[in-house]
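# fold the following.
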Amino acid sequence: MHQYTVAEAVTAGDLMQQNLVSLLALGMALAFVSADRDSLGSRWLALFFVGLGLSIDLNIVVAEQWNVSIALHGWFALTEGMACIALLEWILLVRRTVPAQDLDVRAGDWLLRLGQGAAVIYCILSVLYPEMRLRDFLGALNHDGALRRPGFWIFAVPILFIGYAGIASIMLLLNRRPDRAERVRIVAMAGAIPCMTAGMVMPLHYNAVPLLLGEIIVLVGSVRYHVLQGQRGQFMSRFLSPQVARLVAERGLQTAMRENLLEITVVCCDLRGFTAFAEAQPSARVLQVLREYYDAVGAVVAEFGGTIKDFAGDGILILVGAPIPIELHARRGMEMAQRIRAVGVERTRQWSTPAHTLGIGLGVASGAVTVGVIGGSSRLEYTAVGSAVNLASRLCEQAAHTEILLDRRTVDLAGALSYTSRLEMRAPLAVKGFSREIVYYAATT
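Numbers count the residues shown, from 1 in each chain. This next block holds a predicted model:
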């Protein structure tokens with residue numbers, strides 16, 4: 001006895017509907033993998049849709065057309081279990097990419113693990129009692145009094161718990177106030193879970209509707225998510241390297257910004273004469289200059305693969321080699337500093353007034369620093385701590401207009417780079433926070 005042969009005649013139209021729903025699920029799986037094959041989240045989501053598509057195809061289309069045995073029918077439930085486990089794993093992965101602030105996340109994570117355990121129980125029950133699953137659970141709403149049968153609840157309880165685990169964990173995740181893009185796709189999944197669950201127990205003539213609706217909800221949410229991510233990526237790419245934005249998207253904030261000790265090059269730049277300029281100009285003009293300044297420097301930083309750590313008034317602190325290590329970070333940092341200087345000289349000439357002349361100076365230093373995330377419950381910041389950060393800032397303070405001051409470590413690591421600048425050793429400098437005088441160089445135009 002198969003799923004629908006006793007109480008419900010299976011027509012060619014029914015099988016065609018199920019084939020289309022299955023093909024859509026498999027097509028969505030292919031789309032997620034091909035669109036972002038390096039993303040672990042996309043792979044888990046694709047596995048969910050593979051399990052969903054195979055479940056529909058095997059339990060209905062193959063089972064009816066090939067007249068498979070009841071025992072084999074029980075093994076088809078493994079595809080449903082695979083889909084449930086993959087879905088809950090995807091939710092767990094998304095939860096780990098959203099900062100928890102000061103919230104306790106253990107309850108939501110354990111709930112998802114218990115849901116995956118319920119999926120395993122459902123598979124075991126299906127293999128042990130395949131006839132009961134066919135008779136009392138799949139398409140149960142086609143039978144009168146189905147909800148009063150013990151066999152229905154034996155299989156319904158694990159499935160309902162899986163759905164509860166997924167939706168409850170998503171609700172807990174929303175309590176963390178994720179960004180708009182993340183909120184769109186997880187709310188879409190929360191809306192799709194009841195539709196797909198209902199499709200398991202509805203009559204064959206109608207179950208394609210909730211299944212298709214669930215797939216469309218996820219599809220719409222995913223498209224909207226990627227549109228918003230693309231918009232955010234365009235904005236971030238003006239200030240961060242594309243590699244950093246991709247790393248965060250693929251591995252999540254927690255993994256991408258884990259505390260590390262790295263040797264990097266730090267570039268610091270600020271405007272000369274900006275304080276007097278800001279006091280004399282209308283605030284709207286000052287903000288316009290700062291916006292153009294940030295845009296211009298951000299474009300150069302993105303081109304060279306750097307990461308802007310701080311905007312502080314007219315000062316900008318840039319990391320070269322973190323969070324993505326760069327082998328020739330000193331050379332890259334020097335080249336980037338020269339490009340920033342060239343852009344800065346051109347822009348400051350445009351912004352200057354007869355009464356107030358603006359300029360730009362830069363400091364560059366290399367060394368081992370600790371990078372990672374710090375902050376409290378309301379704000380997280382990617383930061384770098386080490387003497388190289390302080391030294392770059394101090395050298396920047398000493399730099400005159402058009403000057404780039406570099407520490408000895410940067411010059412040693414970069415090697416000969418005098419084809420665009422002339423390096424001039426300066427007298428050792430006493431720098432606040434350093435016990436010994438600093439040997440440094442000036443790169444002049």
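# for the host helix or strand of residue 132, the averaged confidence score.
Using DSSP states H and E, residue 132 maps to helix 130-132. Mean per-residue pLDDT for helix 130-132: 90.
# please, which helix or strand holds the nearest residue to residue 194 once chain neighbours are set aside?
Using C-beta to C-beta, 6 or more residues apart in numbering and skipping the chain neighbours, the partner closest in space to residue 194 is residue 163 (6.7 Å). Heads up, the C-betas are built off the backbone N, CA and C, glycines and all. Using DSSP H and E, residue 163 maps to helix 150-174.
# pretty sure the residue nearest to residue 194 contacts residue 197?
Yes - Residue 163 is within contact range of residue 197, at 4.9 Å (criterion: C-beta atoms under 8 Å).
# which neighbours do these two share?
Common neighbours of residue 163 and residue 197 are not found (criterion: C-beta atoms under 8 Å, 6 or more residues apart in numbering).
# how about the longest helix seen in the chain: buried residues?
Longest helix in the chain, counting residues (DSSP state H): helix 208-236. For helix 208-236, a neighbour-count test (16 or more other C-beta atoms under 10 Å) marks 208, 210-215, 217-219, 221-222, 225-226, 228-229, 233, 236 as buried.
# same check on stretch 279-288?
281, 286.
# that one: end-to-end distance?
14 Å (C-alpha to C-alpha, to the nearest Å).
# contact partners of it?
Applying C-beta under 8 Å, 6+ apart, the set of residues contacting stretch 279-288 from outside is 277-278, 289, 353, 355-356.
# list the contacts of stretch 70-81.
Outside stretch 70-81, the residues that touch it by C-beta under 8 Å, 6+ apart are 1-3, 51-52, 54-55, 58-59, 62-63, 119-120, 122-123, 126-131, 133-134, 200.
# hmm, back to that, buried residues, the helix holding residue 163. List them.
By neighbour count on 16+ other C-beta under 10 Å, the buried set for helix 150-174 is 151-152, 154-156, 158-159, 161-170, 172-173.
# re the thing from before, can you tell me which helices and strands the longest helix of the chain packs against?
Counting contacts by 3 or more C-beta pairs under 8 Å, 6 or more residues apart in numbering; DSSP states H and E, helix 208-236 is packed against helix 12-35, helix 40-56, helix 180-201, helix 242-256.
# which one of those helices is the most hemmed in?
Ranked by mean neighbour count, these are led by helix 40-56 with a mean of 23 (mean count of other C-beta atoms under 10 Å).
# got the angle for it vs helix 208-236?
170 degrees (axes from the mean of the first three to the mean of the last three C-alpha atoms, to 10 degrees).
# and helix 40-56, what's its mean pLDDT?
In this model, helix 40-56 has an average pLDDT of 90.
# and the next element down the chain from that helix?
Counting by DSSP H and E, what follows helix 40-56 is helix 63-66.
# any idea how far that following helix is from the middle of the chain?
Distance, stretch centre to chain centre, for helix 63-66: 42 Å (C-alpha atoms, centre = their mean, to the nearest Å).
# after it comes which helix or strand?
Of the helices and strands lying after helix 63-66 in sequence (DSSP H and E), the nearest is helix 70-75.
# list the buried residues for that next one?
Neighbour counts using 16+ other C-beta under 10 Å place 70, 73-74 of helix 70-75 among the buried residues.
# need these in TSV (columns: distance to residue 312 and pLDDT).
Shown next, in TSV, are these (distance: C-beta to C-beta, whole Å; pLDDT from 0 to 100):
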residue	distance to residue 312	pLDDT
70	71	83
73	66	83
74	65	86
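# dump the residues you listed into TSV; add distance to residue 33 as well.
Shown next, in TSV, are these (distance: C-beta to C-beta, whole Å):
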residue	distance to residue 33
70	34
73	29
74	29
